[in-house]
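Undergrad: Predicted model, plus sequence, below.
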Amino acid sequence: MKKILVFICLSVCFISCKKEIPLEFKTKTYDFKSESDCTVGNCTYVHFEIPTASGNNAIATPINKSIFDFVESVMSFEDEKKTASYDTLALNFIDRFNEMNRTYPDNSIAWEANFKANHKSISNKVYQIFWDYYTFTGGAHGLQATKVFLFDSTTGKIIPTKELFINYEGFKDYAETEFKKQLNITGDLNSVGFTFEKNTFKLPQNFYETTNEWILHYNPYEIAPYVQGATIIKLPKQQVERFLNPLYFKN
């Protein structure tokens with residue numbers, strides 16, 4: 001009997017020790033600036049705010065890789081070697097400016113890379129990361145854009161857009177109705193300056209939650225010329241909830 005009790009106690013302790021490690025997020029900040037041709041109001045710099053997952057490595061690792069791959073895709077130049085370091089991404093960016101400045105010192109305008117992030121859990125299974133970023137490497141204008149990730153916080157994988165909805169086509173129809181209503185469009189989409197392929201509505205690359213709304217966010221160039229800026233459609237939460245997949249959004 002004593003052996004059985006000991007076995008039960010050891011089993012309970014083992015199960016307790018095997019309890020899943022919680023996923024945690026912190027923001028790491030990186031700041032670099034060029035020492036070349038740096039004056040007040042005209043100084044090349046890089047600012048990163050990087051959400052970093054930790055705790056459960058099996059989940060945190062793919063999340064951190066997806067985040068890094070995104071920043072790298074924006075920051076890297078075509079002929080650069082691959083890196084796994086935010087420091088290297090920033091320093092390479094500044095080195096490119098310094099090289100350009102040495103070659104064309106009379107046409108030097110400071111470059112900029114500024115990545116700001118907000119992140120939060122929006123359900124028991126979905127972790128949202130919202131990026132607002134701006135890059136400038138010369139030319140007529142820089143690139144101001146948004147990037148949103150919705151991660152499955154139980155696997156670390158990015159949730160495909162269609163999987164977010166239990167009725168994807170129904171949501172798409174609702175979104176198109178609201179798009180036309182909020183922008184006062186009565187005819188064809190492209191007749192008022194949009195550039196939808198085949199004049200057919202599509203959901204944006206970025207879809208995210210705020211306190212009271214879900215947002216459809218189209219970046220510049222996504223469906224309209226750069227001068228038109230971002231196109232933003234706000235949808236009330238209670239209207240969107242009926243379309244969402246309870247696998248991800250039922251708390």
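TA: That came through, no problem.

Undergrad: the helices in this protein, which residues?
TA: Counting by DSSP state H, the chain has helices at residues 2-17, 57-75, 86-103, 168-182, 237-240, 246-249.

Undergrad: can you list the ones you listed in TSV and add mean pLDDT, distance to residue 146 and mean neighbour count?
TA: Any C-beta I mention is one placed from the backbone N, CA and C, and that applies to glycine too. Converted to TSV, the helices of the chain look like this (pLDDT from 0 to 100; distance: least, CB to CB, whole Å; neighbours: other CB atoms under 10 Å):
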stretch	mean pLDDT	distance to residue 146	mean neighbour count
helix 2-17	47	42	9
helix 57-75	96	12	16
helix 86-103	92	20	17
helix 168-182	97	17	16
helix 237-240	96	18	14
helix 246-249	95	21	16
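
Undergrad: out of these, which comes closest to residue 149?
TA: Smallest distance to residue 149 across the helices of the chain (CB to CB): 6.5 Å, for helix 57-75.

Undergrad: which other helices and strands contact that closest one?
TA: Secondary-structure packing of helix 57-75 (3 or more CB pairs under 8 Å, 6 or more residues apart in numbering; DSSP states H and E): strand 45-54, helix 86-103, strand 112-121, strand 126-136, strand 143-152.

Undergrad: what angle sits between the first one and strand 143-152?
TA: Think strand 45-54. 0 degrees (axes from the mean of the first three to the mean of the last three CA atoms, to 10 degrees).

Undergrad: And residue 44, how far from residue 162?
TA: According to CB to CB, to the nearest Å, residue 44 stands 41 Å off from residue 162.

Undergrad: Actually, residue 26.
TA: In terms of CB to CB, residue 26 sits 31 Å off from residue 162.

Undergrad: Just put the helices and strands packed on helix 57-75 in JSON lines and tack on distance to residue 181.
TA: What follows is those, written out as JSON lines (distance: least, CB to CB, whole Å):
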{"stretch": "strand 45-54", "distance to residue 181": "34"}
{"stretch": "helix 86-103", "distance to residue 181": "42"}
{"stretch": "strand 112-121", "distance to residue 181": "28"}
{"stretch": "strand 126-136", "distance to residue 181": "25"}
{"stretch": "strand 143-152", "distance to residue 181": "22"}
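
Undergrad: For stretch 102-119, list every residue counted as buried.
TA: Within stretch 102-119, the residues that count as buried by 16 or more other CB atoms under 10 Å are 108, 110-115, 117, 119.

Undergrad: give me the number of residues near the nearest residue to residue 209 once chain neighbours are set aside?
TA: What sits nearest to residue 209 in space, not counting adjacent residues and going by CB to CB, 6 or more residues apart in numbering, is residue 122, at 4.9 Å. By the criterion of other CB atoms under 10 Å, residue 122 has 18 neighbours.

Undergrad: and if you look at the one 5 residues further on?
TA: Residues contacting residue 127 under the criterion other CB under 10 Å number 23.

Undergrad: would JSON lines of the helices of the chain with distance to residue 212 be doable?
TA: Formatted as JSON lines, the helices of the chain follow (distance: least, CB to CB, whole Å):
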{"stretch": "helix 2-17", "distance to residue 212": "40"}
{"stretch": "helix 57-75", "distance to residue 212": "27"}
{"stretch": "helix 86-103", "distance to residue 212": "34"}
{"stretch": "helix 168-182", "distance to residue 212": "15"}
{"stretch": "helix 237-240", "distance to residue 212": "6"}
{"stretch": "helix 246-249", "distance to residue 212": "16"}
